[in-house]
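**Q** I'll drop the sequence and a predicted model, then ask my questions.
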Amino acid sequence: MPVPKAELHLHIEGTLEPELAFALAARNGVTLPYADTEALREAYRFEDLQSFLDVYYALMAVLRTAGDFTDLADAYLERAAAQGVRHAEIFFDPQAHTARGVPFGTVVEGLTAALDRAEERYGVSTRLIMCFLRDQSAESAMATLEEAKPYLDRITGIGLDSAEAGHPPSKFRAVYEEAARLGLRRVAHAGEEGPAAYVAEALDVLGVERVDHGLRCMEDPELVARLARERVPLTLCPLSNVRLRVVDTLADHPLPAMMEAGLLVTVNSDDPAYFGGYAGDNYDGVRDALGLTAEQLRQLARNSFEASFLEDDEPRRARCLAEVEAYTFPAGAPGE
Ligand SMILES: Nc1ncnc2[nH]cnc12
Ligand SMILES: [Zn+2]
């Protein structure tokens with residue numbers, strides 16, 4: 001069994017595997033612009049974030065009913081549990097669905113039907129984080145927050161995703177202020193393809209508690225020192241970074257330098273159906289490519305629970321952390 005871990009950076013729409021996409025397309029009478037699953041997989045050769053987002057949004061056309069979202073989340077939870085995930089904080093993109101005529105409530109009801117039985121079925125606790133699309137207007141984000149109000153008992157926090165360059169965090173100042181007023185936790189993607197300055201802005205203007213990706217902070221040593229001092233968690237996604245050409249290869253990933261700098265980094269899968277692996281595959285990837293030791297892998301797993309929003313269930317956090325400490329890594333791992 002893989003090391004127990006929390007997954008803190010996972011877009012549920014990015015778990016749509018080609019086989020499920022075609023099954024849902026058939027169920028809903030949707031025609032996909034790909035002949036079969038093989039042709040679809042061929043389209044997964046991305047140049048950058050935008051070329052991925054084009055396929056990611058196009059494929060969402062198959063998600064129409066609450067049951068579709070339940071099936072999607074169920075498939076993710078089963079795979080994640082098999083790779084050691086014990087707690088998952090799951091992003092969803094409401095605007096990508098409401099813009100297609102799928103009501104906000106349909107998405108939340110579908111997802112929560114799966115999440116509500118995840119602990120019993122898979123031993124995975126869950127939280128939901130709704131993300132705003134930063135390449136859409138701040139007004140659209142505010143209207144989406146308004147739509148979320150009847151469902152806030154099911155939503156732990158807000159995030160910010162989609163095309164980063166040219167869409168600074170400050171564009172969403174008012175939305176984040178309103179979310180804070182509503183008692184929602186706040187995270188944002190920053191420093192994936194955008195500059196280090198966006199990471200600082202997400203902290204200073206949006207008041208985020210965690211930064212998604214954030215790896216371009218490494219271009220600003222003062223910012224690195226601040227993130228380390230303030231123990232701001234960064235949710236890294238190594239396989240995603242390779243597929244979206246944020247780094248050339250896994251062996252070039254700055255993860256070891258980030259750990260060395262004392263940053264609270266975690267390893268996550270982002271959009272596993274598109275990027276070649278789930279949470280455990282990301283741990284295995286960095287272990288093999290970067291020669292991480294068992295103790296470094298244990299630190300990453302420990303960090304994931306420390307960085308999680310489990311303040312409302314400290315006994316669970318303590319149980320998961322104890323499992324991490326008790327875990328024995330298989331002998332012969334690289335770096336040993
Ligand atoms: N890696 C990523 N960056 C920004 N937006 C996303 N939406 C889904 N995956 C994303
Ligand atoms: Zn992401």
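**A** Ah, there it is. Ligands and ions are numbered 1, 2, ... in the order given.
**Q** Strands of this protein, residue ranges please.
**A** Using DSSP state E, the strands of the chain run over 5-11, 85-92, 125-133, 157-161, 185-190, 210-213, 233-236, 264-267.
**Q** ranking those by burial, who's on top?
**A** strand 5-11 (a mean of 29; mean count of other CB atoms under 10 Å). Yep, even glycine has a C-beta here, placed from its N, CA and C like the rest.
**Q** who does that one touch, helix- and strand-wise?
**A** In terms of contacts (3 or more CB pairs under 8 Å, 6 or more residues apart in numbering; DSSP states H and E), strand 5-11 is packed against helix 66-82, strand 85-92, strand 210-213, strand 233-236, strand 264-267, helix 279-290, helix 294-306.
**Q** what would those look like in a markdown table with mean pLDDT and distance to Ala202?
**A** Formatted as a markdown table, the helices and strands packed on strand 5-11 follow (pLDDT from 0 to 100; distance: least, CB to CB, whole Å):
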| stretch | mean pLDDT | distance to Ala202 |
| --- | --- | --- |
| helix 66-82 | 98 | 26 |
| strand 85-92 | 99 | 15 |
| strand 210-213 | 98 | 6 |
| strand 233-236 | 99 | 11 |
| strand 264-267 | 99 | 15 |
| helix 279-290 | 98 | 23 |
| helix 294-306 | 98 | 19 |
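**Q** and Glu193, which of these is closest to it?
**A** Using CB to CB as the measure, strand 210-213 is the one of the helices and strands packed on strand 5-11 that comes nearest Glu193, at 8.7 Å.
**Q** Parallel or antiparallel, which strands does the closest one pair with?
**A** If you go by DSSP bridges, strand 210-213 pairs up with strand 185-190 (parallel), strand 233-236 (parallel).
**Q** Reformat the strands of the chain as CSV; add distance to ligand 1.
**A** CSV is the format used below for the strands of the chain (distance: least, CB to the nearest ligand atom, whole Å):
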stretch, distance to ligand 1
strand 5-11, 4
strand 85-92, 8
strand 125-133, 7
strand 157-161, 4
strand 185-190, 5
strand 210-213, 7
strand 233-236, 10
strand 264-267, 14
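**Q** Adding distance to Asp48, write these out as CSV.
**A** As requested, these are exported to CSV (distance: least, CB to CB, whole Å):
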stretch, distance to Asp48
strand 5-11, 17
strand 85-92, 20
strand 125-133, 17
strand 157-161, 15
strand 185-190, 14
strand 210-213, 14
strand 233-236, 18
strand 264-267, 22
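**Q** residue ranges for the helices of the stretch 1-150 of the chain, please.
**A** 18-28, 37-42, 49-59, 66-82, 94-98, 104-115, 118-122, 138-148 (DSSP state H, counting those that start in this stretch).
**Q** Next, the angle strand 5-11 makes with the third one.
**A** In this case it means helix 49-59. Using axes from the mean of the first three to the mean of the last three CA atoms, to 10 degrees, the direction of helix 49-59 lies 80 degrees away from that of strand 5-11.
**Q** could you check the angle strand 157-161 makes with helix 49-59?
**A** Angle between the axes of helix 49-59 and strand 157-161 is 120 degrees (criterion: the same axes, to 10 degrees).
**Q** how about the helices of the stretch 1-150 of the chain, which one is nearest His11?
**A** Closest among these, once you apply CB to CB, is helix 49-59, at 8.1 Å.
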